[in-house]
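Peer 1: Sequence first, predicted coordinates after that:
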Amino acid sequence: MKILVIVPTKFLKKSEPGPYYCYSSFLYDDVYLKFFQERSTNTILDYSPFLPRKPFIPSLLEGLRKVRPKLIVLPSIDYSRSRTIELATSFLRHIKGSGIIGVVQGVDIDSMNSCYQFLRNYCTIIGLPSVLEKIARREEIIRDLGIKEKTFYIEVFSNPYEEIPPSSCMGICTSYPARLAQDLRKLEEYKPTPRPLNLEIDSKDMIEQLLDRNITEYREVISEGRSTVLDG
C-alpha cells in the first residue's frame, strides 16, 4: 500500500520516496512547482487541501498542463452527490485517459451509491475522502457500495490510528503528521483535530525532529495495519 505524506514546501524532501500528492492551487510557488515537475510520473494532482473543498477547474487544468501527473483527482464538493457529478462531468470534457481518481460524495449510502455508479463509468480508481468518516467508516462504505475498483483514501478525518485502509486499497494520502507537528504535537496527540496545514510555513517555525517522528510513526501505523485508540 502506498503512503503519501503531505508536508510544507520547505520540507518536501520528507515526502520521499513517494508517490507524491500535489495541489494545483500552490503551483504558483516555483520551488513547489519544480519539485513536482521533477516527479510528475509518480505524482497525484488534486486542487486544494482546504475544507470545504471548492474546486476551481481552470486551476486544476493549469496544474495538469504544468505537472503532467500520473493520476488526477476529479473535482468534488463535500457531501454533495449532485454538485460532485456536475463538476466531474464538466471536468471530464477537458481530459482523456485512464489515470483518473473519482471522489465519492453523499450524505448517506444511497446518495454515495448514486455518485459511485456515475464515477465507475469513467474512473479506474475510486477516491474516498476523509469527510465520509462522519457518515460511516470508509471500509464499511467500500463493502456496502460493493466497490470493486481500486480505492484510495484521501486524508485522515480525526484518528490516524483507526482510519487505516484495507489491504486491497491502493493507498492513502494525508497531511496529519505535519499538521500535528505544526501545532507542536506528537501523532498520538491527535485530539482535537489539528488546524489545516500551512504549506508556506517557514522551516524555523516547525521542529524538524518532531515532523520526522510523526511521519515515521504514521508510516509504521499504516504498514502494520494497526488499529489502536489512544484515549489517554
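Peer 2: Looks like it came in fine. Residues are numbered from 1 along each chain as shown.

Peer 1: As a check, name the ranges of all strands in this protein.
Peer 2: 2-5, 20-23, 43-46, 71-73, 100-103, 125-129, 150-154, 171-174 (DSSP state E).

Peer 1: Which among those is found nearest to L199?
Peer 2: L199 lies closest, by C-beta to C-beta, to one member of the strands of the chain: strand 20-23, at 7.7 Å. Bear in mind the C-beta positions are built from the backbone N, C-alpha and C, glycine included.

Peer 1: before we move on, the earlier item: dump the strands of the chain into TSV; add distance to P58 as well.
Peer 2: Shown next, in TSV, are the strands of the chain (distance: least, C-beta to C-beta, whole Å):
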stretch	distance to P58
strand 2-5	25
strand 20-23	15
strand 43-46	14
strand 71-73	14
strand 100-103	18
strand 125-129	21
strand 150-154	22
strand 171-174	23
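
Peer 1: Same list, those, but as JSON lines with distance to P194, mean pLDDT and mean neighbour count please.
Peer 2: As requested, the strands of the chain are arranged in JSON lines below (distance: least, C-beta to C-beta, whole Å; pLDDT from 0 to 100; neighbours: other C-beta atoms under 10 Å):
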{"stretch": "strand 2-5", "distance to P194": "15", "mean pLDDT": "97", "mean neighbour count": "20"}
{"stretch": "strand 20-23", "distance to P194": "17", "mean pLDDT": "98", "mean neighbour count": "24"}
{"stretch": "strand 43-46", "distance to P194": "19", "mean pLDDT": "97", "mean neighbour count": "25"}
{"stretch": "strand 71-73", "distance to P194": "22", "mean pLDDT": "96", "mean neighbour count": "25"}
{"stretch": "strand 100-103", "distance to P194": "22", "mean pLDDT": "97", "mean neighbour count": "25"}
{"stretch": "strand 125-129", "distance to P194": "17", "mean pLDDT": "98", "mean neighbour count": "24"}
{"stretch": "strand 150-154", "distance to P194": "17", "mean pLDDT": "97", "mean neighbour count": "23"}
{"stretch": "strand 171-174", "distance to P194": "11", "mean pLDDT": "98", "mean neighbour count": "23"}
